[in-house]
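Trainee: Fold the stuff below for me.
(2 chains)
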Amino acid sequence: MNSISGVRLFTDAAAPRPTAPRPAASESGPAPSRTADDVLFSPSAAPSPDEAPSTLRTSSTPQAPPAAVSSTPGEVEGFLLAEVAAAPAPAFSGASRTGAVPADLPAEADSHQVGEWCGEVARAALSVPERTSRITPVLSKAVAKAQSPSPAWVKANPQQVERYVQETLEHADAMHRVGLLRGQDWSQHDLEGATSKFHPEIAQFLALPGRNEAVEWAIARHNAADHHAVWSDPGSTVEDLAESASDIVNAWRMNRRVYDKPSWSWERITRFIEVSFQNNDLSAHQRDALLAAIPHQMEEESRHGLPA
Amino acid sequence: MGSLPEAGPLPDHFRTGDPVEFHRDWDPGFAPDDPFYKAPVPAGSCGEVLEVGPDYVRVRMQDGERWASPLIVWAEGRFPDRIPGGLSCLRKLG
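Mentor: Residues are numbered from 1 along each chain as shown, chains lettered A, B, ... in the order given. As a prediction, the model looks like this:
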């Protein structure tokens, strides 16, 4: 079994784990033994456009994925310019949302109701600032009341919650749009019931910068979400990993306010995937899913810019 | 473009097998909810160079419990985005 830091993280989640054997590789042959001195990754290992996910889970407007993963910025930009010309950007990042704005929450709403309500607002056809301004006070209040597993754990303050809400909305919006590019419905991304990032018990600690026991606890709760659980399932196919991989690639490109992390360059991302595969930190399916996510993220950025 | 904007050794300053030390704190740059998160490296942590790449050095840390897999320590300031690397925090021992 590979030693995957992601698996280690996801293993904390409460979701049941299938016990199917790890897939050998995306290729038909057995999994290569990868060591520090192993063969270098070849771009040819990336899935060809014909191999890109074609089975669409809940396709509404299926489209062919972008042509290929380009290895140089120049090629990337050439591809992006063509895409931009073909498809003008919407007026604002929430334009793809069509949900109605929910009524106000009752004062006695519990954490689950708050999480669901925030999720409904998150899906409303409003701009990010509008949704942030509606969600933040409600979530901040719920965070202040939420039960903490440890009395020693510091809670997020309203300013931290606001930054967290904005970042979470932007990421969820981007994932929704990338899902549409891939012909899949990811409108529930990060908003799924008890694992929603707007569930107060999770938000109160995920909104904290840095990493400590409290943040790890919150991550473990969120990682019970399907799109995280599937990443650590050795029986998952490249298609199964599409949302997880896009989630990871989008996050790498985010200029994160909460954690003060700069966006990674494409070069760093492709090198990281390459070296992580060599290093047994990624399975072949995980590597292929991440590589397949890259052109879709590039297209998303050509239309809406870098994730905030 | 193409030049390294910050002082620090280039990857080819290192050789495979070199014992190395982080003489300054270094954060590998993963957000806490990133599935590839690796713990920050405090100054004084030691390891061994496993591989020297064109813009990175791979280091196996002595503390195998804290860093189960080798760390990829990147050179500074790669095109197209400026990404803080860690080579300026790394030095050869001995």
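
Trainee: so what secondary structure elements neighbour the lengthiest helix in chain A?
Mentor: The residue-count maximum for a helix in chain A (DSSP state H) belongs to helix A:158-181. With contacts taken as 3 or more CB pairs under 8 Å, 6 or more residues apart in numbering or on different chains; DSSP states H and E, helix A:158-181 sits against helix A:111-122, helix A:128-145, helix A:200-206, helix A:242-253, helix A:284-304. Backbone N, C-alpha and C define where each C-beta goes, glycine included.

Trainee: which secondary element of chain B has the worst mean pLDDT?
Mentor: Counting by mean pLDDT, DSSP states H and E, the weakest-scoring helix or strand in chain B turns out to be strand B:71-74, with a mean of 87.

Trainee: tell me what the next helix or strand after it is packed against?
Mentor: Sequence-wise, the next helix or strand downstream of strand B:71-74 (DSSP states H and E) is strand B:90-92. When contacts are defined as 3+ CB pairs under 8 Å, 6+ apart, strand B:90-92 packs onto strand B:19-22.

Trainee: got the buried residues for the strand it packs on?
Mentor: Residues B:20-22 are the ones in strand B:19-22 that count as buried (16 or more other CB atoms under 10 Å in any protein chain shown).

Trainee: Put the alpha carbons of it into PDB.
Mentor: Taking C-alpha atoms only, strand B:19-22 is exported to PDB below (Å, rounded to 0.1, in the frame of the first residue of the first chain):
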ATOM      1  CA  PRO B  19      23.500  15.300   4.600                       C
ATOM      2  CA  VAL B  20      21.600  18.600   4.800                       C
ATOM      3  CA  GLU B  21      20.000  20.800   7.500                       C
ATOM      4  CA  PHE B  22      17.200  23.300   7.400                       C
END
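
Trainee: surely residue A:119 meets residue A:191?
Mentor: Yes: at 4.0 Å, residue A:119 counts as touching residue A:191 under the criterion of CB atoms under 8 Å.

Trainee: For those two, indicate the residue with more neighbours.
Mentor: Neighbour tally, residue A:119 and residue A:191, criterion other CB atoms under 10 Å in any protein chain shown: the higher count belongs to residue A:191, 25 against 22.

Trainee: Which residues of the stretch 151-300 of chain A lie near chain B?
Mentor: For the stretch 151-300 of chain A, the contact set with chain B under CB under 8 Å from any CB of the partner chain comprises A:206, A:210-211, A:215-216, A:219, A:222, A:228, A:231, A:248, A:251-252, A:254, A:256, A:258-259, A:261-268, A:271-272, A:275-276, A:279-281.

Trainee: Which members of those residues are classed as buried?
Mentor: A:206, A:211, A:215-216, A:219, A:222, A:228, A:231, A:248, A:251-252, A:254, A:256, A:258-259, A:261, A:263-268, A:271-272, A:275-276, A:279-281.

Trainee: where's the residue in chain B positioned nearest to chain A relative to residue A:117, distance?
Mentor: Distances between chain B and chain A by CB to the nearest CB are smallest at residue B:35, namely 3.1 Å. Note on residue B:35: its distance to residue A:117, by CB to CB, to the nearest Å, is 28 Å.

Trainee: Just the C-alpha atoms of stretch A:122-129, please, in CSV.
Mentor: Extracted in CSV, the C-alpha atoms of stretch A:122-129 (Å, rounded to 0.1, in the frame of the first residue of the first chain):
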residue,chain,number,x,y,z
ALA,A,122,-24.5,29.5,-1.1
ARG,A,123,-26.4,28.2,-4.1
ALA,A,124,-28.5,31.3,-4.5
ALA,A,125,-28.1,33.4,-7.6
LEU,A,126,-26.3,36.2,-5.8
SER,A,127,-22.8,37.5,-6.0
VAL,A,128,-20.1,36.3,-3.7
PRO,A,129,-20.1,39.5,-1.6
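
Trainee: Give me the mean pLDDT for it.
Mentor: For stretch A:122-129, mean pLDDT rounds to 94.

Trainee: Name the SS class of residue B:60, please.
Mentor: Three-state assignment for residue B:60 (DSSP: H, G, I helix; E, B strand; the rest coil): strand.

Trainee: hang on, isn't it packed against residue B:50?
Mentor: Yes: using CB under 8 Å, residue B:60 is in contact with residue B:50, at 5.2 Å.

Trainee: Low-confidence regions, chain B specifically.
Mentor: Filtered on pLDDT under 70, chain B yields the residue ranges B:1-7, B:76-85.

Trainee: at 50 what do you get?
Mentor: Residues of chain B meeting the criterion pLDDT under 50: B:1-5, B:79-81.

Trainee: again, but for chain A
Mentor: A:1-96.

Trainee: At the geometric centre of chain B, which residue do we find?
Mentor: The centroid of chain B falls nearest to residue B:73 when counting by CA atoms, centre = their mean (2.2 Å).

Trainee: Tell me what it is bridged to.
Mentor: residue B:57 (DSSP bridges).

Trainee: how near is it to residue B:12?
Mentor: From residue B:73 over to residue B:12 (counting by CB to CB), the distance is 13 Å.

Trainee: Over to residue A:304?
Mentor: With distances taken as CB to CB, residue A:304 is found 39 Å from residue B:12.

Trainee: more neighbours, the two?
Mentor: Shown here are residue A:304 and residue B:12; by other CB under 10 Å, residue A:304 has more neighbours (19 against 10).

Trainee: so the more buried one touches residue A:177, yeah?
Mentor: Yes: under the criterion of CB under 8 Å, residue A:304 makes contact with residue A:177 at 6.9 Å.

Trainee: quick one: residue A:114 and residue A:142 touch, right?
Mentor: Yes: at 4.3 Å, residue A:114 counts as touching residue A:142 under the criterion of CB under 8 Å.
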